[in-house]
Structures are given as C-alpha cells and as structure tokens.
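1. Structure, please.
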Amino acid sequence: PVHRTTGCARNIGLKSDTEYELRVTEKCQDPEAESGWILVQVPQSGEIGFDADALPTRTAPGYATAPVDLAVVEVTGPAHAIVTLSPGPMKDSMTIRQGGPMYLMTDTIDCVFRSFLFEAAV
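-> Below is the predicted model:
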C-alpha cells in the first residue's frame, strides 16, 4: 500500500439500495501508532455543500448483467433467426482489461428473470 493514496475502490458486501455511513482510519504496522476513526460527512439534499455527484450514502441497485456469447446459428426466414446466448453473470462483474477476463464481485444482482427481449436494426 502507498501512504499517499487518496482513494480506493473496495467491495464491502452491502446489498443494493442499502443506506450506509463511511468511516476511515489509518492502519499501521505498530497498532499503537494507528489513527482514530473519522466519519465521512456527506451533506444531504438542501444542506450547504450538497453535491449530487458526490459520494452516495446508499448503494446502487444491482442491475441485471447483459447476456454474453450471442451468436446467430441459422437464418430461417426474412424475419426469423435461431440464436444462442448465455445469460450474464448472476453477480456483478468488472472487466479487468478490454476484451480480457472479468472479475466476479460478490454483489449479486436484483433481477428476477422474466424474459429476454430481442431487437434487430438495419
């Protein structure tokens, strides 16, 4: 870890749409040298310093992930085709590198599957 770090991304395992408070302390090799805790104060709507783009105080919804491996197997008519696909991961994921592997996070999605919708455009 770098001491001058000014931010980080950390999966803390909260369910979607959960309100939370955030506090921070600096940890040291010698526990007696550690700092106290500081509560991150986030001004709410209507309060001085409120910024809609600032740190949220509740987690985002767990949206469904897009299907993957979509392929047209056979065109069976002017408006029909047979396709294959795989449902997206049931957990949120983060692409490590464009076109590279995905890291599955522990955030499960909120979607209860109903159907797939297909659209075609020319």
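2. What are the boundaries of the strands in this protein?
-> Applying DSSP state E to the chain gives strands spanning 22-24, 38-40, 68-77, 80-86, 91-95, 102-108.
3. Comparing these by mean pLDDT, which bottoms out?
-> Note on those: strand 91-95 shows the lowest mean pLDDT, a mean of 59.
4. in stretch 63-71, what counts as buried?
-> By 16 or more other CB atoms under 10 Å, the buried positions in stretch 63-71 come out as A64, T65. For the C-beta atoms, the positions are set from N, CA and C on the backbone; glycine is no exception.
5. State the distance spanning the first to the last residue of that stretch.
-> End-to-end distance of stretch 63-71: 23 Å, with CA to CA, to the nearest Å as the criterion.
6. Name the surrounding residues that touch that stretch.
-> With contact meaning CB atoms under 8 Å, 6 or more residues apart in numbering, stretch 63-71 is reached by 83-90, 92-93, 109-111, 113, 116.
7. do stretch 72-81 as well
-> Applying CB under 8 Å, 6+ apart, the contact partners of stretch 72-81 are I82, V83, T84.
8. ok, so of these, who is nearest F50?
-> Of all the contacts of stretch 72-81, V83 has the smallest distance to F50: 46.8 Å, by CB to CB.
9. Roughly how far does the closest residue to R58 other than its chain neighbours sit from W37?
-> Closest residue to R58 apart from its sequence neighbours, by CB to CB, 6 or more residues apart in numbering: E19 at 4.5 Å. To W37, E19 is 19 Å away according to CB to CB, to the nearest Å.
10. just to revisit the earlier point, ranking the contacts of stretch 72-81 by neighbours, who comes first?
-> When neighbours are counted as other CB atoms under 10 Å, the busiest of the contacts of stretch 72-81 turns out to be V83, with 13 neighbours.
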